[in-house]
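> Got a predicted structure plus its sequence, pasted below:
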Amino acid sequence: MARRLKFNIFRYNPQDPDSSPHTDTFFLEETESMSLFIALNQIREEQDSSLQFDFCCRAGICGACAIMINGKPGLACHTLTDELPEEITLMPLPIFKLIGDLSVDTGTWFRAMYEKVESWVHTDETFDPNTDEGRMDNALAEEIYELERCIECGCCVAACGTANMREDFVGAVAMNRIARFMMDPRDERTDKEYFEIIGTDEGIFGCMGLLGCEDVCPKHLPLQDQLGILRRKMGWSAVKQLFRFKS
């Protein structure tokens, strides 16, 4: 027999002066292979057309449908209702600017973060469209691609204890980007230049090691591994600089 699911969904329109934060309750009959994405669309189509939430690809690629699911960040399209209890509470991701109901503006946050960590290849080489594409070792390319799989959903940011307490913390996603460019042979920045960006409490020393980011990453990126690698690289760089200074 199909379960009758109870959804407690956060509602608030910050652009409406008469709106106040609250939750609305909806009920649905659970169907086979029902995801939260399907459930939210069914609620909007059949019960409340004003319900706001984000979605795009429905395949865990765009990251748009990230929400808080019973207190834990996750993708609505990847989360099946049969993995959850009969009562489901849905909230918007914290930290990001609220657009309305479950919809938040992750784009502004990510743009500011990418500008802060200068998330692009730094090179003095002039682009020539007539030359062959630059070669890269396959193994290295695969290592870089592993970190490039981030879909910018914001789940790791929402789950981060430091990011929830401090607006200046760049988060695991930013350190993942720096780790990616440190591996890229086309980027001409030095270790010192990298560490000037993230070698502070706003970067690698702000992490409390709670592992929330890696626990909720829908692409299972090795976020804590990369943080540890960056710390070791920075420590080793400092040791080399110290001995160079002494000599």
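Happy to help now that I have it.
> in which helix or strand would I find the nearest residue to Ile43 once chain neighbours are set aside?
Spatial nearest neighbour of Ile43, excluding adjacent residues (C-beta to C-beta, 6 or more residues apart in numbering): Phe26 at 5.0 Å. For glycine as for every other residue, the C-beta is placed from the backbone atoms N, C-alpha and C. Phe26 is part of strand 22-29 when elements are defined by DSSP states H and E.
> How about the residue nearest the centre of the chain, nearest residue that isn't a chain neighbour?
With distances taken as C-alpha atoms, centre = their mean, the chain has Gly154 as the residue nearest its mean C-alpha position (2.9 Å). Once flanking residues are discounted, Gly154 sits nearest to Thr106: 4.4 Å by C-beta to C-beta, 6+ apart.
> for the one you found, what are its contacts?
63, 66, 93, 96, 152-154 (C-beta atoms under 8 Å, 6 or more residues apart in numbering).
> Just the ones of those in strands?
Ala66 (DSSP state E).
> List just the nearest of the contacts of Thr106 to Asn13.
Comparing the contacts of Thr106 against Asn13 with C-beta to C-beta places Phe96 closest, at 16.0 Å.
> Quick check: the gap between that closest one and Cys213.
Here the criterion is C-beta to C-beta, to the nearest Å. By it, Phe96 lies 15 Å from Cys213.
> in this structure, what spans have low per-residue confidence?
Across the chain, the ranges flagged by pLDDT under 70 are 238-247.
> go again using 90 as the cut-off
1-2, 57-58, 125-136, 190-192, 194-201, 204-205, 208-211, 224-247 (pLDDT under 90).
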